[in-house]
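[1] Need a 3D model of the sequence below.
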Amino acid sequence: MDWLVGVLLLIAGTVIGFFAARHYLAKYSDAAELKAQIESSQEQFSAYRKDVVEQLSTARQLASEVTDIQHRLNLFLQDSQQLLEQEKDWQQTLPFFSEDTIRSIRQANILNKDRRSESDTAELPPRDYSEPGSGLFTPIPKAMKED
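    Take a look at the predicted model:
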């Protein structure tokens, strides 16, 4: 009977030890699991902070570019307004031809003027260059005039 009490105590100790160990290990496993979750959350938070910093940097750069574009647009609008408000002759401010073309036209006019002044052919009637002569500049025979 002593051995029966010993076996029963051994079984009761084993059962109590099993549940105590399970409860004790569950606490540590929960702590390990919570610690892993905390580390994972910290890593996610660090990645999120990094993304936010990059986003803010990009937003700052875009805002700077927008400010620069707005400044250039304001300068363009000021120049356009000043150009429209000028009371100068439009041909001088906005020529139809480029400067090189205007220079070439002026030189050609000067050369033509010299040629025109050299030849005194303005007093003569134009010549008829056709071979048999069209008769346009020839006198009309008297026989035809009488009709």
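
[2] secondary structure element for residue 72?
    Secondary structure assignment for residue 72, by DSSP states H and E: helix 2-85.

[3] average model confidence for that helix?
    Average pLDDT, helix 2-85: 88.

[4] What number of residues are in the vicinity of residue 99?
    8 (other CB atoms under 10 Å). No exception for glycine: its C-beta is placed from N, CA and C like everyone else's.

[5] That one and residue 2: what is the separation?
    Relative to residue 2, residue 99 is positioned 128 Å away (CB to CB, to the nearest Å).

[6] do residue 109 as well
    According to CB to CB, residue 109 and residue 2 sit 142 Å apart.

[7] Comparing those two, which shows the higher neighbour count?
    A side-by-side neighbour count of residue 109 and residue 2, using other CB under 10 Å, places residue 109 first with 10 against 6.

[8] Check which helix or strand the more buried one maps to.
    helix 99-118.

[9] Alpha carbons of that helix, as PDB, please.
    Provided in PDB are the C-alpha atoms of helix 99-118 (Å, rounded to 0.1, in the frame of the first residue of the first chain):
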ATOM      1  CA  GLU A  99      17.600  91.100 -89.800                       C
ATOM      2  CA  ASP A 100      19.600  89.200 -92.400                       C
ATOM      3  CA  THR A 101      16.800  89.200 -94.900                       C
ATOM      4  CA  ILE A 102      16.100  92.900 -94.400                       C
ATOM      5  CA  ARG A 103      19.800  93.700 -94.900                       C
ATOM      6  CA  SER A 104      19.800  91.600 -98.100                       C
ATOM      7  CA  ILE A 105      16.700  93.400 -99.400                       C
ATOM      8  CA  ARG A 106      18.300  96.800 -98.700                       C
ATOM      9  CA  GLN A 107      21.500  95.800-100.600                       C
ATOM     10  CA  ALA A 108      19.500  94.500-103.500                       C
ATOM     11  CA  ASN A 109      17.500  97.800-103.600                       C
ATOM     12  CA  ILE A 110      20.700  99.800-103.600                       C
ATOM     13  CA  LEU A 111      22.200  97.700-106.500                       C
ATOM     14  CA  ASN A 112      19.000  98.000-108.500                       C
ATOM     15  CA  LYS A 113      18.900 101.700-107.900                       C
ATOM     16  CA  ASP A 114      22.400 102.000-109.200                       C
ATOM     17  CA  ARG A 115      21.600 100.000-112.300                       C
ATOM     18  CA  ARG A 116      18.400 102.000-113.000                       C
ATOM     19  CA  SER A 117      20.200 105.300-112.700                       C
ATOM     20  CA  GLU A 118      23.000 104.000-115.100                       C
END
